[in-house]
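Novice: after the sequence you'll find the predicted model.
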Amino acid sequence: MSQLEKMEVNPDLAMERAKCNFNIMELTHILDGGEENTVRRKKIEDIALNSGASKDAFPEEHMSPKEKYENAVRKSCIFADLVKNDFAHLTGLETFGINSNVIRRTADAFFKEVSPFLLHMGMFVPTIMGQCTSDQMSYWLPRAMAMQIIGTYAQTELGHGTFIRGLETTATYDPETEEFVLHSPTLSSYKWWAGGLGNTANYCIVVAQLYTKGECHGTHPFIVQIRDEDTHMPLPGITVGEIGPKMGFNTADNGFLGFDHYRIPRDHMMMKNAQVLKDGTYVKVARHGKLTYGTMVFVRVMLVSEAAFNLAKACTIAVRYSAIRRQSKPKPDEGEPQILDYATQQHKLFITIATAHALQLSSSWLWRSFSAVLTEMKEGNTDKLPEFHALSSCLKAVSTSDAAYLIEQCRHACGGHGYMISSGIPHLYNFVSATRTYEGDYTVLLLQTARFLVKAYEQAEAKQPLTPTVSYLKLAFTRKEPWDSSPAGIVRSFQALAAGKVSTCVKNMRKRMRSGLSEVEAWETSTIQLVSAAEAHCRAVISDAYKSETERLTANSSPNVKIVMEQLSTLYLYYWALERIGDLLLYTSISEKDIVELQTAYEELLQKIRPNAVGIVEAFDLRDELLHSTLGSYDGRAYERLMDEALRSPMNKEPINQSYYKYLRPMMKANL
Ligand SMILES: CCCCCCCC/C=C\CCCCCCCCCCCC(=O)SCCNC(=O)CCNC(=O)[C@H](O)C(C)(C)COP(=O)(O)OP(=O)(O)OC[C@H]1O[C@@H](n2cnc3c(N)ncnc32)[C@H](O)[C@@H]1OP(=O)(O)O
Ligand SMILES: Cc1cc2nc3c(=O)[nH]c(=O)nc-3n(C[C@H](O)[C@H](O)[C@H](O)COP(=O)(O)OP(=O)(O)OC[C@H]3O[C@@H](n4cnc5c(N)ncnc54)[C@H](O)[C@@H]3O)c2cc1C
């Protein structure tokens, strides 16, 4: 038995648990969306994690890139089998993986980085569901679900990721053979980045410019076989490989792909939204031109829950560690305090917890809106798509950006030990910082939201009706918002601030156009302010959703759980009001006295949250297997775990490394 298995819980952590004054499990149920969800999640975690299949005999950090990948494939196959045979019925979905936070969450115990199947589950299958006709779906979906084929999503090229209309891969229809000919005309047209493409996938969705009868109809998705189903050899006309080491995602075999006049059958074009008939006639089916971008919108919604989940992991690690770490001696007569007692540490960490709640609740709210929009779209009504695109774009941008910033803050909060891979935080940061870029870069997505806001502002100006998430824009045409420090008052101030910023942008653009700039130039020169306005809009949306979801979810909860949730949602509002003081001074009547009072109220709130901090993070109910952390484990034995990990390092397997004889000894002897 290792020394660790004999260890008891760290006494500081035991003391924190003893003083928690609310029912932790009740909060867990709320965060899980109900007690029955918690029960089902725990069952799934027990099946998957108690088997020990998620564990590595040898630490992954010490494997070569190739070994890491092979180990991730091995575990992906075990995990896929578990999902299919042991708990697919418990997720309530015939399909596995899709929209299932539980499966997503459980998978993290198996992969410190990511599974090479992530894109299969996260984009290949959803694109089949969203872009195929029912005939196509009944052919492809069962094969993909049963993992008879493994797919990925190859849209981005070396030369273009953001600007989809600029993609260069061509799919030219040949009516003679009823085939599309896929071709990569330039180096910059090579597909680049798709997860699982390097070595794992034998199929992929390729987004290419469709040509038929000599005319280009823009980008469309195609299902393309790239490797032999038996030998796995790349097929003739296909050049495929892996793109090399990255900051994170190193077990995802992100790949490149080129086509040399490669032929696929006509019906491998995904034909739900547009079709090419046998004779080459192009038929547009969808009522909205951007429905082929549907998978990206779906994944953007998913990424808001991803941000919340990874933030929950980071703050669980950092808060537990801050409870067991003692440092400095501010009072000479007393011992060293737990670092969690420092106000500055609370300032770093409690906003992280509050943001995890804010994003999780906003994400549930966003999923509900998404389901409603999907239902309407199935009935042929796409009226809500522009608003939903604007909403999902800004929420994806702001949630992933906030999560990356706050995970880094958690690393700072763990001092030097947070820099260790074994703390778990570097992996979280590397993963989440990529989510700020992929599926639409932060700035680019906020500018999409800004386009919608500017149009909505013009509607407000013309006294036309506004859609719900922007109805506050009418505040831009009223007097300065009076400052009110209640939660509802702060949400209103954030709305007034966003409305004021949108109004300033529009006025600046108009002024620039009057001075001779074209509309495009006026937009371009205003983009810094437009990004800021879209961020302010998103902050107002999150604050509003967080506040109202907290009220809804605590309507019948026990008093102490209600207090804890309200404290956190108020903390979120105070924190962002203090961060945006300059803007509030411009767009509300906030005074110097109000600001001083707000700062005091914020600091008092940190103290109120402090006694329950460990209990609050433990309500995320993250098992040690999911955290992969020496610093954040349930027993709080961080030092023993750090030492245990150090001793597992291959660098400590021999008392003298051979480089001593080869290099160090000759050098030192020569210098005698
Ligand atoms: C068994 C083991 C398995 C273990 C696994 C565990 C289980 C896994 C389960 C689930 C996991 C879930 C997690 C998922 C993670 C997935 C990982 C993903 C990895 C990364 C993948 C990628 O990155 S794929 C590539 C994504 N690329 C992008 O996002 C590109 C961004 N660019 C764009 O979106 C667009 O080009 C643009 C928005 C920037 C502009 O588009 P375009 O130039 O075409 O349009 P216009 O500027 O002309 O605009 C015209 C008009 O249309 C509006 N519009 C644009 N986009 C949309 C849209 N999507 N919807 C609606 N409307 C849109 C635009 O605003 C304009 O409107 P106007 O009214 O004219 O203003
Ligand atoms: C880990 C990871 C996994 C990925 N997986 C996949 C995958 O599976 N499949 C796939 O198809 N793709 C994938 N991608 C690609 C990803 O979707 C793109 O990298 C992303 O959309 C950003 O596009 P880009 O690289 O072209 O960035 P660029 O657009 O070149 O961005 C560079 C900079 O230019 C700025 N910029 C660009 N356009 C504008 C503009 N109009 N206005 C203002 N600023 C602008 C951006 O804000 C950014 O600061 C992945 C990427 C990563 C990092």
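Specialist: Done, it's in. Ligands and ions are numbered 1, 2, ... in the order given.

Novice: name the element Met668 belongs to?
Specialist: Here Met668 sits within helix 665-670, counting by DSSP states H and E.

Novice: give me the mean pLDDT for that helix.
Specialist: The pLDDT scores in helix 665-670 average 98.

Novice: off-centre distance for it?
Specialist: 52 Å (CA atoms, centre = their mean, to the nearest Å).

Novice: which parts of the protein are strands?
Specialist: Ranges of strands in the chain, per DSSP state E, are 153-154, 170-174, 179-183, 191-192, 203-212, 215-225, 238-242, 255-259, 262-265, 274-276, 282-284.

Novice: which strands and helices sit next to the third one?
Specialist: Translated: strand 179-183. strand 170-174, strand 203-212, strand 215-225, strand 262-265 (3 or more CB pairs under 8 Å, 6 or more residues apart in numbering; DSSP states H and E). C-beta: built from backbone N, CA, C; applies to glycine.

Novice: want to throw those strands into TSV with distance to ligand 1 and mean neighbour count?
Specialist: Shown next, in TSV, are those (distance: least, CB to the nearest ligand atom, whole Å; neighbours: other CB atoms under 10 Å):
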stretch	distance to ligand 1	mean neighbour count
strand 170-174	17	20
strand 203-212	8	23
strand 215-225	8	19
strand 262-265	20	16
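
Novice: from Ser363, how far off is the closest residue to Ser399 other than its chain neighbours?
Specialist: Leaving aside its sequence neighbours, Ser399 sits nearest to Ala307 (CB to CB, 6 or more residues apart in numbering; 3.9 Å). Note on Ala307: its distance to Ser363, by CB to CB, to the nearest Å, is 8 Å.

Novice: over to Pro337?
Specialist: Taking CB to CB, one finds Pro337 at 36 Å from Ser363.

Novice: more crowded one of these two?
Specialist: Ranked by neighbour count (other CB atoms under 10 Å), Pro337 and Ser363 place Ser363 first, with 25 against 16.

Novice: and the stretch 51-200 of the chain, which residues reach ligand 2?
Specialist: Contact residues (CB under 6 Å from any ligand atom) of the stretch 51-200 of the chain with ligand 2: 119, 153-156, 160-162, 193-195.

Novice: can you list the domains in the chain?
Specialist: 13-29+294-655, 153-293 (automatic domain parsing).

Novice: take the ones you listed and lay them out in CSV including mean pLDDT.
Specialist: Formatted as CSV, the domains of the chain follow (pLDDT from 0 to 100):
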stretch, mean pLDDT
domain 13-29+294-655, 97
domain 153-293, 97
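
Novice: could you dump the ones you listed to TSV with distance to Lys43?
Specialist: As requested, the domains of the chain are arranged in TSV below (distance: least, CB to CB, whole Å):
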stretch	distance to Lys43
domain 13-29+294-655	13
domain 153-293	27
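
Novice: nearest to Lys84, of those?
Specialist: The closest of those to Lys84 is domain 153-293. By CB to CB, the value is 17.5 Å.

Novice: how long is the closest one end to end?
Specialist: One end of domain 153-293 sits 12 Å from the other (CA to CA, to the nearest Å).

Novice: looking at the residues of the stretch 51-200 of the chain next to ligand 2, which is nearest Val531?
Specialist: Distances from Val531 to those, taken by CB to CB, are shortest for Thr162, at 14.3 Å.

Novice: what's the residue of the chain found nearest ligand 2 in contact with, if anything?
Specialist: The chain approaches ligand 2 most closely through Gly161 (2.4 Å), counting by CB to the nearest ligand atom. Residues counted as contacts of Gly161 (CB atoms under 8 Å, 6 or more residues apart in numbering) are 155, 193, 441.

Novice: what of Pro426?
Specialist: Contact analysis of Pro426 by CB under 8 Å, 6+ apart lists 411, 419-420.

Novice: near the nearest residue to Glu439 once chain neighbours are set aside, how many other residues are there?
Specialist: Excluding its sequence neighbours, the residue lying closest to Glu439 (CB to CB, 6+ apart) is Val299, at 5.1 Å. Residues near Val299, counting by other CB under 10 Å, number 22.

Novice: isn't Val299 up against Phe124?
Specialist: No: contact criterion CB atoms under 8 Å: Val299 and Phe124 do not qualify, at 11.5 Å.

Novice: for the strands of the chain, give me TSV that also has distance to Phe110.
Specialist: TSV is the format used below for the strands of the chain (distance: least, CB to CB, whole Å):
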stretch	distance to Phe110
strand 153-154	22
strand 170-174	36
strand 179-183	34
strand 191-192	27
strand 203-212	23
strand 215-225	28
strand 238-242	21
strand 255-259	21
strand 262-265	34
strand 274-276	38
strand 282-284	43
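
Novice: among those strands, which is nearest Leu475?
Specialist: Smallest distance to Leu475 across the strands of the chain (CB to CB): 38.5 Å, for strand 215-225.

Novice: ok now the closest one, how far from the chain's centre?
Specialist: Counting by CA atoms, centre = their mean, strand 215-225 comes out at 28 Å from the chain centroid.

Novice: run the angle between that strand and strand 203-212 for me.
Specialist: Relative orientation of strand 215-225 versus strand 203-212 (axes from the mean of the first three to the mean of the last three CA atoms, to 10 degrees): 160 degrees.

Novice: count the residues that sit near the closest residue to ligand 1 within the stretch 451-600 of the chain.
Specialist: Using CB to the nearest ligand atom, the single residue of the stretch 451-600 of the chain nearest to ligand 1 is Arg451, 4.2 Å away. Close neighbours of Arg451, defined as other CB under 10 Å, add up to 16.

Novice: if anything else comes up later, I'll come back, but that's it for now.
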